[in-house]
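Chemist: sequence first, then the predicted structure, then my questions.
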Amino acid sequence: MNELDIKHNINVDISMYNSQGNFTISAYQRMIMGMIEEHLDYLNLGEKCLMDNHGISWVLLSTSIELSRKIKPTEKIIGKTWHAGGRVPSFRRDFTFCDESGNNLAIGATVSTLFENESRKICLNKDKIAVVDLQPMEPILENLERRMKINGVQELIEVRKVRPSMTDGVGHVNNTRYGDFVYDAMTEEERVRLGDLKRIDVWFNYELLEGDEFEITKNCENDNVICFSGKKIGNIKSSFDMKLTFFN
């Protein structure tokens with residue numbers, strides 16, 4: 001089966017927009033992950049199938065999306081996604097979003113790995129990894145960085161605690177919630193500016209669990225790039241990093 005033959009209709013609702021009519025950060029994440037989860041279920045590689053049959057789950061390592069223009073609330077969006085290779089045990093999956101006329105709205109890529117649910121460690125079992133038997137196709141997104149590079153000092157914005165509603169079935173903070181953490185840490189001016197968003201890059205480094213306290217920091221690299229990090233209290237390295245790039 002050619003994965004590109006599978007098209008996904010993307011559902012958009014008012015919860016994905018702020019009062020200025022701009023997509024929130026987590027809205028993009030929800031759009032991406034909802035499509036990929038639906039796609040993997042179709043291929044019998046979805047979360048439930050892997051958990052029930054192999055005791056493993058998908059864990060997201062990074063997500064990047066590059067926008068061609070602002071997405072309007074009334075637009076019909078069609079998505080496609082495909083396996084784009086990667087160095088096992090990491091798997092790269094690229095994607096596109098288009099309007100109903102086929103015009104490009106956004107392109108992007110995710111990098112994921114498989115996670116042993118019982119040991120809470122990366123799956124290195126070759127037999128389990130072999131379950132993901134997909135033919136890799138050409139990637140579409142360039143400049144996929146392995147980690148965020150921070151120039152200058154990061155400013156402490158706030159300290160938060162992981163609440164039960166922030167976690168998912170794997171037992172850690174769901175990846176879409178990190179976009180909410182960053183959105184809450186933005187200024188009103190920055191939230192208004194989301195209509196000029198060009199690219200989002202997110203790196204998931206260490207899981208956050210219920211009860212963990214973490215700090216959100218921010219660094220404005222230049223007028224068009226803002227970097228955020230979330231670091232568990234007591235840890236040296238960040239749990240997640242996010243870079244927002246705006247059109248000039």
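Modeler: Good, I have the coordinates.

Chemist: element containing Gly34?
Modeler: Here Gly34 sits within helix 25-42, counting by DSSP states H and E.

Chemist: residues contacting the next helix or strand along the chain from that helix, please?
Modeler: Per DSSP H and E, the first helix or strand lying C-terminal to helix 25-42 is helix 47-54. The contact list for helix 47-54, computed with Cβ atoms under 8 Å, 6 or more residues apart in numbering, reads Glu37, Leu40, Asp41, Ile56, Ser57, Trp58, Leu114, Asn117, Lys128, Val131, Gly169. C-betas here are computed from N, CA, C, even on glycine.

Chemist: what angle separates the helix holding Gly34 from helix 47-54?
Modeler: 50 degrees (axes from the mean of the first three to the mean of the last three Cα atoms, to 10 degrees).

Chemist: what sits against the residue most central in space within the chain?
Modeler: Centroid-nearest residue in the chain, with Cα atoms, centre = their mean: Thr63, separated by 3.9 Å. Listed by Cβ under 8 Å, 6+ apart, the contact set of Thr63 reads Gln29, Ile32, Gly108, Ala109, Thr110, Asn175, Ile200, Asp201, Val202.

Chemist: again, 7 Å this time
Modeler: With contact taken as Cβ atoms under 7 Å, 6 or more residues apart in numbering, Thr63 is in contact with Gln29, Ile32, Thr110, Val202.

Chemist: least confident secondary structure element in this protein?
Modeler: Within the chain, confidence by mean pLDDT, DSSP states H and E is lowest for strand 121-122 among all helices and strands, at a mean of 90.

Chemist: off-centre distance for that strand?
Modeler: 19 Å (Cα atoms, centre = their mean, to the nearest Å).

Chemist: ok, and the closest non-adjacent residue to Val192?
Modeler: The shortest distance from Val192 to any non-neighbouring residue, by Cβ to Cβ, 6 or more residues apart in numbering, is to Gln20 (5.3 Å).

Chemist: quick revisit: which elements pack onto the helix holding Gly34?
Modeler: strand 8-10, strand 56-67, strand 77-83, strand 90-99, strand 104-116, helix 175-185 (3 or more Cβ pairs under 7 Å, 6 or more residues apart in numbering; DSSP states H and E).

Chemist: which residues does the residue nearest to the centre of the chain bridge with?
Modeler: Following DSSP bridges, Thr63 is listed with bridge partners Thr110, Val202.

Chemist: how much space between it and Thr74?
Modeler: Distance of Thr63 to Thr74, computed by Cβ to Cβ, to the nearest Å: 25 Å.

Chemist: quick check: buried residues in stretch 80-97?
Modeler: 80-86, 89, 91-97 (16 or more other Cβ atoms under 10 Å).

Chemist: how about those residues, which pair is most distant?
Modeler: Farthest pair in the buried residues of stretch 80-97 (Cβ to Cβ) is Pro89 and Phe97. Separation: 27.5 Å.

Chemist: surely Pro89 touches Cys123?
Modeler: Yes - taking contacts as Cβ atoms under 7 Å, Pro89 lies within contact range of Cys123: 6.4 Å.
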